[in-house]
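Asks: Compute the structure for the input listed below.
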Amino acid sequence: MVNRQSGPDGLEPQSHPEDCLSCHWCNELSCYGTGEDHNWGFRIYRTTFAPGSDERFATALAVLNANLRVACFREQGPNGDRREKSGPSERLWQRLKSEVIEDRALDGAPPAAVKEHFRAWIKEQGFHLPDAIAPDPALEMASSSTHRFCLLIDEEVLDNLLRFPLPTPFFPADHDDHIGVKVLDVEVDAEDNEPPYAEGWLWTAPWELVNVWFHCRELSFEEFSVEDDRGRPIINTPARSRCAILRRDICNGSVLVAGVTCALDLWEAVGEYGSRQAGKWCSQILLYGTGEQLTWGFRVYRTVYTPDSDDGFPCGMRVLEAYLRDACVDEYGIHGPLPDRPANEQLLKRLKLDVIEDRELENASPAVIQQHLGVESQGLYLATATSRDPSHEMASSSSHRFCIIIESEALPNLLRFPVPMPRRSVDRDDHIGVKVLDVECNEDSVEYEPPYDEGWLWTAPWELAEVWFDCRYRAPEQMRKTDGAGRPVMRLVD
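Replies: Okay, here's the model as predicted:
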């Protein structure tokens, strides 16, 4: 019997609060890792042996390996300097044991043949599948992702995997690009699924594989499979996995009463519109929304209190609200009434701007605002924090990383933007609106040199929704540039 309270090498869940995700995954390994060392990873099947494929296959394996390594050490930051090297991260990396199968008898083998080979191997390991009819009593039921998912690399996969760069970037360039490797679910029967899912495999980006192993083990195939905009079967995790878990827990009555309805509403919006922008953003709110009501938005600091600003500030807030509202519905026409779409309604319903008007903050510097935001009072700590309360959790929402500053320079710039938003004529090079402060900025960090040393970037009001939904885990250098006048501005698209 596996002791679910202790991880590999006796790692306790509370031993490394500063590295909670890695610690959590290590404790997952104590329950579901394979072998005496509690390993994790995938059985990788090569099914192409065409001339010239040997070198390409080796490169594809390097892409997979590099992405899995980045996942193991993700919490330490892009430069490895956000926290000390942690034991859990090292253990994750040491216990990654994928097995490569290069058998020329499988050259050109279809997924069904690979699945049979995989099933036979699982039986050899002393396990039977959960859906086995009259299983051998001498076998144990398989419960590890290693005994459920395998990777299939054919010619098509080789072509796609080689698109992913080496060395592997810390932050994926395109979170919507899932076409990398084929993940085969051995529990899927062809007669139970219609195309494009009948063969039981899903396209998966290499950076998603760690989530497949740790998050999809207890989910049904239907709960993490979806089609992309070209009708290809892809895995969508962790967002859809989290949604599925929420739905399951809601249906089982195992979640707190507060927030159950709002979570279910969001899940339904994701389920119906998951492939569209509004649906994707709703799935982000499920994962990273704040409070019991799962809201999104920014804390807005007013630091200008001149007589003119008393009239100008409310107008500036109306500009912000109008552009954020527009971002919630812009998939459905230029202007006009709110479309009858649940996902858009959920985005609007959960938008929350927390406006701070405190005259003690008049002309306050960004450093003072950074201290005022202090997520510690909410039981959280920042990823860049050097000292942490062990009882706190690491902040993961954009609401805890970014805030908006409206000061004497920002207010008149914000009022230049017209309401309603003239979408077809908006100047996409005009970023001088409000100042968005990244509170993870540390004045001693090499990531923030002039003109970025104060941690803020000029940001147009039409960019704010994308800041919240797309920049949560982006490195500082990935979301900044200078304009023609040398001013630090937001960069959302490379």
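Asks: Excluding chain neighbours, what is closest to Leu139?
Replies: Spatial nearest neighbour of Leu139, chain neighbours left out: His128 (4.3 Å); criterion: C-beta to C-beta, 6 or more residues apart in numbering. All C-beta atoms are positioned from the backbone trio N, CA, C, and that covers glycine.
Asks: wait, what's in contact with the one you found?
Replies: His128 is in contact with 122, 135-136, 139-142, counting by C-beta atoms under 8 Å, 6 or more residues apart in numbering.
Asks: filter the residues you listed to the buried ones?
Replies: Among those, the ones that count as buried by 16 or more other C-beta atoms under 10 Å are 122, 142.
Asks: From the contacts of His128, which land in strands?
Replies: In this view, the contacts of His128 that belong to strands under DSSP state E are 140-141.
Asks: of the contacts of His128, closest to Cys150?
Replies: Distance to Cys150, by C-beta to C-beta, is smallest for Ile122 among the contacts of His128, at 9.6 Å.
Asks: Please look at the closest one and Ser144 and confirm they touch.
Replies: No. If you go by C-beta atoms under 8 Å, Ile122 and Ser144 don't touch, sitting 9.8 Å apart.
Asks: Quick one: the helices in the stretch 51-200 of the chain, in order.
Replies: Listed in chain order, the helices of the stretch 51-200 of the chain (DSSP state H, counting those that start in this stretch) span 53-72, 87-94, 111-124, 155-161.
Asks: In CSV, could you pull the C-alpha coordinates for the longest one?
Replies: Below are the C-alpha coordinates for helix 53-72, written out as CSV (Å, rounded to 0.1, in the frame of the first residue of the first chain):
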residue,chain,number,x,y,z
SER,A,53,14.4,10.0,-40.0
ASP,A,54,17.0,8.9,-37.5
GLU,A,55,18.4,12.4,-37.0
ARG,A,56,15.0,13.9,-37.1
PHE,A,57,13.8,11.5,-34.5
ALA,A,58,16.7,12.3,-32.2
THR,A,59,15.9,16.0,-32.5
ALA,A,60,12.2,15.3,-31.7
LEU,A,61,13.2,13.5,-28.6
ALA,A,62,15.4,16.4,-27.6
VAL,A,63,12.4,18.8,-28.0
LEU,A,64,10.3,16.5,-25.8
ASN,A,65,13.0,16.2,-23.1
ALA,A,66,13.8,19.9,-23.1
ASN,A,67,10.1,20.9,-22.6
LEU,A,68,9.7,18.4,-19.8
ARG,A,69,12.8,19.7,-18.1
VAL,A,70,11.4,23.3,-18.3
ALA,A,71,8.2,22.1,-16.7
CYS,A,72,10.1,20.5,-13.8
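Asks: which residues are contacting it?
Replies: Outside helix 53-72, the residues that touch it by C-beta under 8 Å, 6+ apart are 22, 41, 44, 46, 48, 89, 92-93, 96, 98, 100, 102, 151, 153, 155, 157-158, 161-162, 164, 166-168, 170, 181, 206-207, 209-210.
Asks: Filter those residues down to the buried ones and hand me the ChimeraX line.
Replies: Here is the ChimeraX selection string for the buried members of the contacts of helix 53-72, based on 16+ other C-beta under 10 Å:
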select :22,41,44,46,48,89,92,96,98,151,153,157,158,161,164,168,170,181,206,207,209,210
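Asks: distance between the ends of stretch 467-479?
Replies: Start to finish, the residues bounding stretch 467-479 are 9 Å apart (C-alpha to C-alpha, to the nearest Å).
Asks: wait, isn't Tyr45 in contact with Leu151?
Replies: Yes. Under the criterion of C-beta under 8 Å, Tyr45 is in contact with Leu151, at a separation of 6.8 Å.
Asks: Might you report the residue contacts of the residue nearest to Glu466 when sequence neighbours are not counted?
Replies: Among residues not flanking Glu466 along the chain, Leu492 sits closest, at 5.0 Å (C-beta to C-beta, 6+ apart). By C-beta under 8 Å, 6+ apart, Leu492 lies in contact with 463, 466-467, 470-471, 479.
Asks: Take those and keep only those in helices.
Replies: Using DSSP state H, the members of the contacts of Leu492 that fall in helices are 466-467, 470.
Asks: Most neighbours among these, please name it.
Replies: Neighbour counts for the ones in helices among the contacts of Leu492 (other C-beta atoms under 10 Å) peak at Val467, which has 22 neighbours.
Asks: Averaging pLDDT over each of the helices of the stretch 51-200 of the chain, report the lowest-scoring one.
Replies: Of all those, helix 87-94 carries the lowest average pLDDT, namely a mean of 83.
Asks: name the helices or strands packed onto it?
Replies: Here helix 87-94 touches helix 20-32, helix 53-72, going by 3 or more C-beta pairs under 8 Å, 6 or more residues apart in numbering; DSSP states H and E.
Asks: Point out the most buried one among those.
Replies: Among the helices and strands packed on helix 87-94, ranked by average contacts under mean count of other C-beta atoms under 10 Å, first place goes to helix 20-32 (a mean of 21).
Asks: tell me the angle of that helix relative to helix 87-94?
Replies: Comparing the axes of helix 20-32 and helix 87-94 via axes from the mean of the first three to the mean of the last three C-alpha atoms, to 10 degrees yields an angle of 50 degrees.
Asks: Begin at 57 from now on, thanks
Replies: Got it, the first residue is 57 from now on, which makes the last one we talked about helix 76-88.
Asks: Just want the angle from helix 76-88 to helix 109-128.
Replies: 110 degrees.
Asks: The helix or strand following helix 76-88 pairs with which strands, parallel or anti?
Replies: On the C-terminal side of helix 76-88, the closest following helix or strand by DSSP states H and E is strand 99-102. Here strand 99-102 is paired, per DSSP bridges, with strand 155-158 (parallel), strand 205-209 (parallel).
Asks: if we can go back for a sec, so which of the ones in helices among the contacts of Leu548 comes closest to Asn469?
Replies: Out of the ones in helices among the contacts of Leu548, the member with the shortest distance to Asn469 (by C-beta to C-beta) is Val523, at 16.6 Å.
Asks: got the contact list for the closest one?
Replies: With C-beta under 8 Å, 6+ apart, Val523 has these contacts: 454, 458, 492, 515, 535, 546, 548.
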